[in-house]
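Q: output the structure for:
(chains A and B)
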Number of protein chains: 2
Amino acid sequence: MQEILIQNLNRRIKMDPQKNLMTQLIEHHIFIDHPCNGKGTCRKCRVRLIKGDVTDLTETEKQHLSSRELTEGIRLACLIYPLSEITVETLGKESTCQVLTQGALPEFEFNPSIEKKKIQVQRPSLENQMSMEESLLKAAKAQSLDWELLQQVPSYQEIQTIVCRHGHCYQLEKGDTADQLYGIAVDIGTTTMAVSLVNIRTGAEVGVTSMINPQHRYGSDVLTRITYQIENPKTAVEEMQKTLVEKLEESIINLCQTLHINPAYLYEMTVAANTTMLHTLLGIKAESIGISPYAPAFTMSKELKAAAIGFQKLPAMNIYCLPSVSAYIGADIVAGVFSCQLQKRKETTLLIDIGTNGEMVLSHEGKLSACSCAAGPALEGMNISSGMRAAKGAIEDIEIDSSGIKLKVIENAEPVGLCGSGILAATKELLRSGMVKKNGAFIKKTELEEEHPLYHRLQVNGKKREFLIADGNQPIYITQSDIRQVQLAKGALLSGFYALLDQAGITMDQLDEIIVAGQFGAHLSADHLVKTGILPRETKHKISYGGNTSKTGAYMALMAVDTRKAMEKLAQEIQYKELSTHPNYEKLFRDSLEFPKLED
Amino acid sequence: MQEILIQNLNRRIKMDPQKNLMTQLIEHHIFIDHPCNGKGTCRKCRVRLIKGDVTDLTETEKQHLSSRELTEGIRLACLIYPLSEITVETLGKESTCQVLTQGALPEFEFNPSIEKKKIQVQRPSLENQMSMEESLLKAAKAQSLDWELLQQVPSYQEIQTIVCRHGHCYQLEKGDTADQLYGIAVDIGTTTMAVSLVNIRTGAEVGVTSMINPQHRYGSDVLTRITYQIENPKTAVEEMQKTLVEKLEESIINLCQTLHINPAYLYEMTVAANTTMLHTLLGIKAESIGISPYAPAFTMSKELKAAAIGFQKLPAMNIYCLPSVSAYIGADIVAGVFSCQLQKRKETTLLIDIGTNGEMVLSHEGKLSACSCAAGPALEGMNISSGMRAAKGAIEDIEIDSSGIKLKVIENAEPVGLCGSGILAATKELLRSGMVKKNGAFIKKTELEEEHPLYHRLQVNGKKREFLIADGNQPIYITQSDIRQVQLAKGALLSGFYALLDQAGITMDQLDEIIVAGQFGAHLSADHLVKTGILPRETKHKISYGGNTSKTGAYMALMAVDTRKAMEKLAQEIQYKELSTHPNYEKLFRDSLEFPKLED
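A: Numbering: from 1, shown residues only, chains lettered A, B, ... in the order given. Model prediction:
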């Protein structure tokens, strides 16, 4: 048998001279992008030919590959056919299968709950009248099986594949499908959801996608959504569940299509999310989360079949929901603490997840304590007059100097709004340039001289002041109300920070590291965080970034049962305290509203 | 509060002067038979009034109670109203609630899988934000719960009852229903099925019923039914399952109605049955049981929801199927071995279950070995020209002497057929009187003198001889073919007996006891068993009876989880050997066909 070696992946596949290389890679589930679907025009399927012979260079390739690429042996996989055994390298960021590496990922041993085994049941004899059940268990090296499987047992000698979960056989497939074994790791945030498709056999993240949480229509923060549930007690929970599940399922199915993976080969999904999202995912009322004393319906991890929560196309998929701590310290935070291994750290470390809710977990001398602050969605670009998601046209950074304003816009497009990091940058620059005072109010226009380069930008709309950030076809303003939103968010976060340190009885000096978790937090620079006063100036050099630690935790749970047990234990160990029960919290919050004094 | 004391049950119930005693007993789930439903005519609700005052003797009572009964204080519960606190005793075999006592029932500790607890969830506080899940678990003292329960959680302070199985909460009920806790123990035989309704809280068997296995229409023995499956591969399994489940469910619902028990309070059913019956109950093909090498699809115990096998009115009921050993040593035998505690006996003991299949298990020096013989249904009155079940009009015993034939007929009715014990008795008497020879053939009529009292009874029908047992309106004969059926059954059983002893390397002298198991076997006297040569004459004084040990095992499994584990272990320990693999089995079988020589 002749083979193709994909050197960078250390994979060998059978060579077929009748099929182009791209097709062969796809058939073996080796990810290679191919938007033009084999026309040779998109260049996405480029590979480097290292060894062996393929068909001659085509005119299309000459047209779409640079002379430098041609010298380096780069070819288009969709246009070449192997003539001998070949060695190639797949190229491009998206084109390699790699074990999830974004953010912190501790070393851990893979022991996924799902296993697949090719089996062939031997014929019994009068001397050994082994039952089919026993034969299946022996072949699968498993402890137990779903009795329903016995309604569709294979014939003797027939090759089948058995699927086991936690050592329990629950599915039979015709033929040998043992290497088709995929799973999904999901992070459901209040605002955005991230989905990873993982090859459980190798641990490779073979595809990712993210989307706006469709529950957004019921409110941008969890409290508004809970209010919707309280106002519509008969229909809301089911409706919100359906909305979420349909969107999740659709995006998973689409991801499978893009990757040419049969959705039937998705066996498990692990879910990290905040407590409210987990409640609505399971169709459980989140009402009590929104009303004092904020007791959730559940915090423990959950195992279920996807069909039980309305997955129509993936009914047999198993779901594992990570454990939470309390109403406002969800499984996303447990996942984050675990993926950063906070519980094992000798150094005093704070994990902070900045989102619609801001959650913090402090690890100090082996103890974990947590609090949660209602930051609101301002820092994510929501509830801001010109706010938007971090998409094309979003201003993500701003610099104000004597010559005026410099904008950094995503994809260098015409600016259409401000995303979270842009709002933070704008706040910082308005403070630094003296346009906004420590108390959060814009200065009066009369305080500026007409020659001041920002004079025309500070405007009054009705009774409210606002600041013109960009004056293109679509003028973009920061309003007084926008600044107030940022201020409330920063006050909530900073007061939570102080309260948590206070509870643990430590000073800021004793804090060794701050890990900013979350996909969103990754876009907020340490400079912006301290200059807007979300965190004290003294912590600036202690700040690092964990990436989407929630999804990382979900990935770990997917790949190792041991991590689930560890996270379940961890969730019990994190001590949560309600901020409102902290002594003098009201005063602490008021004090934390003040912006820091900035100097150029 | 005034009370009624039911002295024989040691039960106290609230007294209500407005209701007749029968109604009050029924409302408190105290079993009292009442076929005429309160008309005072059936006498079934008789009670003895021991102390206290009730309404005066009615004309109806005077008419239906004997003067002796009246002297003893016997009254009809449906016609009396308590006037003060009273003490009564319920009468009659069926009217007392008693812990199952038929047959061997070893002492064992109750630890049923199902528990019910009244709960009242305490309101959480800001300092203790306990989740509803945690509160429920704490209240139920359980380890885990079905997440779906969280979709219908009680309000705080509301009284509910939580149902747990193996420490896992899976159901919530409004109000306090903790003492409504019932289960079903079933024995599914090839020919008959027996159902016990058990109060799981007390262990009392509160009702029993039995019925013909409706699968009878697919054949009277398992092989015929399996053949039906082979001939109708697409529909038979499902059809046979449906037939069985519908009948079972109907009889359970009827039993509940009779006992005034809400079927919703039936939480679990334990099933003992032979391997083929268990296969069809679960909708699993029994084909391989009928074809060499006789490997069943499964032998391990099974847990499932009743809905999964088609129970429509009891979908949430849990089902536990006891473990089997092999294709022909089913869970009924495992249950029997366990309920007789064969595995713990110092004495060498043989358990024999005489039914359509005859199964034997030998316990010798701590080892258990088993075999199974295809006896056919003759001994149960099937495949016999005048055969019938043991019901009204069935001849159950026969005596032939010089003056003629004496018949014992069930309920002293006009004889309409022969039940199993009648056939055995007839065979024995025909042998003893010399009408049938050792080889099983009727003597020729010419061998009898015309004056012989049986001369006119020995008749020739076509070419076949037959013997007139009863010559009423409906003459009843034993035919040559009937004798041959009995002979084949006895040959199968006796050869199995010898083979099993031979395998264990013991002689008949070493055998200390033979326990005849099974509801049917209970009707076969030791005298009949040895005189028809089913068992050797030497064993006569060693024979005892176990009753329906299969149902007893199911009852034990219902009342104690520990016994399930013990039976699962036991099923692994019983060594089964296929008789056909025994050396010289064919000769042994032929030798065993000979009837014993009987003398008056």
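Q: who in the stretch 451-600 of chain A is up against chain B?
A: Residues of the stretch 451-600 of chain A lying near chain B by Cβ under 8 Å from any Cβ of the partner chain: A:576, A:578, A:580, A:581. All C-beta atoms are positioned from the backbone trio N, CA, C, and that covers glycine.
Q: of those - the most surrounded one?
A: residue A:576 (21 neighbours; other Cβ atoms under 10 Å in any protein chain shown).
Q: that residue contacts residue A:325, doesn't it?
A: Yes - between residue A:576 and residue A:325 a contact is recorded at 5.1 Å, counting by Cβ atoms under 8 Å.
Q: pull up the overlap in contacts between these two.
A: Residues touching both residue A:576 and residue A:325 (Cβ atoms under 8 Å, 6 or more residues apart in numbering or on different chains): residue A:370.
Q: what bridges to the residue most central in space within chain A?
A: In chain A, the residue lying closest to the centroid (Cα atoms, centre = their mean) is residue A:194, at 3.9 Å. Beta-bridge pairing for residue A:194 (DSSP bridges): residue A:187, residue A:210.
Q: can you report how many residues lie near residue A:482?
A: Counted with other Cβ under 10 Å, the neighbours of residue A:482 add up to 22.
Q: so what's the residue nearest to the centre of chain A up against?
A: A:186, A:187, A:208, A:209, A:210, A:519, A:548, A:551.
Q: can you tell me how far the first one is from residue A:117?
A: Meaning residue A:186. 27 Å (Cβ to Cβ, to the nearest Å).
Q: what's the answer for the fourth one, then?
A: Counting by Cβ to Cβ, the separation of residue A:209 from residue A:117 is 30 Å.
Q: do the same with the third one
A: Residue A:208 sits 29 Å away from residue A:117, going by Cβ to Cβ.
Q: what does the fifth one give?
A: Plainly put, residue A:210 is 34 Å away from residue A:117 if you go by Cβ to Cβ.
Q: I'd say residue A:459 and residue A:465 touch.
A: Yes - contact status for residue A:459 versus residue A:465: in contact at 7.2 Å, counting by Cβ under 8 Å.
Q: contacts for stretch A:374-386 next, please.
A: With Cβ under 8 Å, 6+ apart, stretch A:374-386 has contacts from A:190-191, A:220-221, A:223, A:354-358, A:387-390, A:394, A:417-420, A:422-424, A:466, A:469, A:476-479, A:481-482, A:485-486, A:488-489, A:492-493, A:520, A:524.
Q: out of these, name the ones that lie in helices.
A: Within these, residues falling in helices by DSSP state H are A:223, A:420, A:422-424, A:481-482, A:485-486, A:488-489, A:492-493.
Q: who wins on neighbours among these?
A: residue A:423 (33 neighbours).
Q: model confidence for that one, exactly?
A: Note on residue A:423: pLDDT of 94.
Q: around chain B, pick out the residues from the stretch 101-250 of chain A.
A: A:124-127, A:129-134, A:144, A:147-148, A:150-151, A:153.
Q: tell me, how many neighbours does the residue in the stretch 351-500 of chain A that chain B sits nearest to end up with?
A: The stretch 351-500 of chain A approaches chain B most closely through residue A:372 (11.5 Å), counting by Cβ to the nearest Cβ. By other Cβ under 10 Å, 27 other residues sit near residue A:372.
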